[in-house]
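Participant: Please work out how this folds:
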Amino acid sequence: MRHRIVVAVVAGVAVLAAGCSSAARGPGSAPVASLSGHATASAARALTTEQGDQNILSFTRCMRRHGVQMSDPVHHPGHAGLSIDMPSRSPENNAAYAACIHFIQANIEAKQAGAAAQAAPHLAALTRYAQCMRSHDINMLDPTQLGELNLGHVPGITSDFGRYSPQFRAADAACKHFLPAGVRDDGTGP
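Facilitator: Residues are numbered from 1 along each chain as shown. The predicted structure follows:
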């Protein structure tokens, strides 16, 4: 069983494609700040709002042509460009995703590049936190390049063990001083 504690470095880091939900990453992906790192900062600058909006519209049309019901893209106050609610991936819509995801790939890469840049200054502190948690018998992996902390696959750990267990809470209390200012648990872990 995989148990995760996910630390969001800044609000909105997990948003991948102009407001898309985490469903764009696919099944089994980590829920926040889990960006592939394949994008570059130039990809983030190269995509204009107009191009991003067109990509979102093309993706939505493609998904609908493939039988996936999606709400219309919308403008959210305070956000640049269009936002969409991504349908959760399922066996029924995997073919549609495969056919259509290329339309928003540039959007995803731009968001990934921005998220990686936001996470980078905090990685040393997050690594110290993970090391401290391990010293308190919590088998936490070092953070990913995108600021995700993960307990990984730990044999013998059951579903009643997680971040709300007394063992985890005690370790977290002893180690949380290593977390950088502004880092918060996004609530999606066990």
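Participant: in this protein, which spans are strands?
Facilitator: Along the chain, the stretches classed as strands by DSSP state E are 2-8, 74-75, 82-83, 148-153, 184-185.
Participant: Show me what the second one is packed against.
Facilitator: For strand 74-75, the packing partners by 3 or more C-beta pairs under 8 Å, 6 or more residues apart in numbering; DSSP states H and E come out as strand 82-83. C-beta coordinates here come from the backbone N, C-alpha and C atoms, glycine included.
Participant: Report the buried residues of stretch 132-151.
Facilitator: Residues of stretch 132-151 classed as buried by neighbour count (16 or more other C-beta atoms under 10 Å): 132-133, 138, 140, 143-144, 146-151.
Participant: got those as TSV, with pLDDT and distance to residue 169 columns?
Facilitator: Output for those, formatted as TSV (pLDDT from 0 to 100; distance: C-beta to C-beta, whole Å):
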residue	pLDDT	distance to residue 169
132	94	14
133	90	11
138	86	10
140	85	14
143	87	20
144	83	23
146	77	25
147	80	21
148	79	20
149	79	15
150	76	18
151	71	14
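Participant: Let me know the closest of these to residue 55.
Facilitator: residue 146 (22.0 Å; C-beta to C-beta).
Participant: Which parts of this structure are helices?
Facilitator: 41-46, 49-65, 94-100, 105-119, 123-135, 166-175 (DSSP state H).
Participant: any chance of the ones you listed in JSON lines, with distance to residue 82 too?
Facilitator: Below are those laid out as JSON lines (distance: least, C-beta to C-beta, whole Å):
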{"stretch": "helix 41-46", "distance to residue 82": "17"}
{"stretch": "helix 49-65", "distance to residue 82": "5"}
{"stretch": "helix 94-100", "distance to residue 82": "15"}
{"stretch": "helix 105-119", "distance to residue 82": "10"}
{"stretch": "helix 123-135", "distance to residue 82": "31"}
{"stretch": "helix 166-175", "distance to residue 82": "38"}
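Participant: right, and those - which one's nearest residue 84?
Facilitator: Of the helices of the chain, the one closest to residue 84 (C-beta to C-beta) turns out to be helix 49-65, at 5.6 Å.
Participant: quick one: the closest one to helix 105-119, angle?
Facilitator: 120 degrees (axes from the mean of the first three to the mean of the last three C-alpha atoms, to 10 degrees).
Participant: quick one: contacts of helix 49-65?
Facilitator: Residues outside helix 49-65 that contact it (C-beta atoms under 8 Å, 6 or more residues apart in numbering) are 17-18, 70, 72-73, 80-84, 87, 93, 96-97, 99-101, 103-104, 106-107, 110.
Participant: Stretch 97-107 spans what distance, first to last residue?
Facilitator: End-to-end distance of stretch 97-107 (C-alpha to C-alpha, to the nearest Å): 15 Å.
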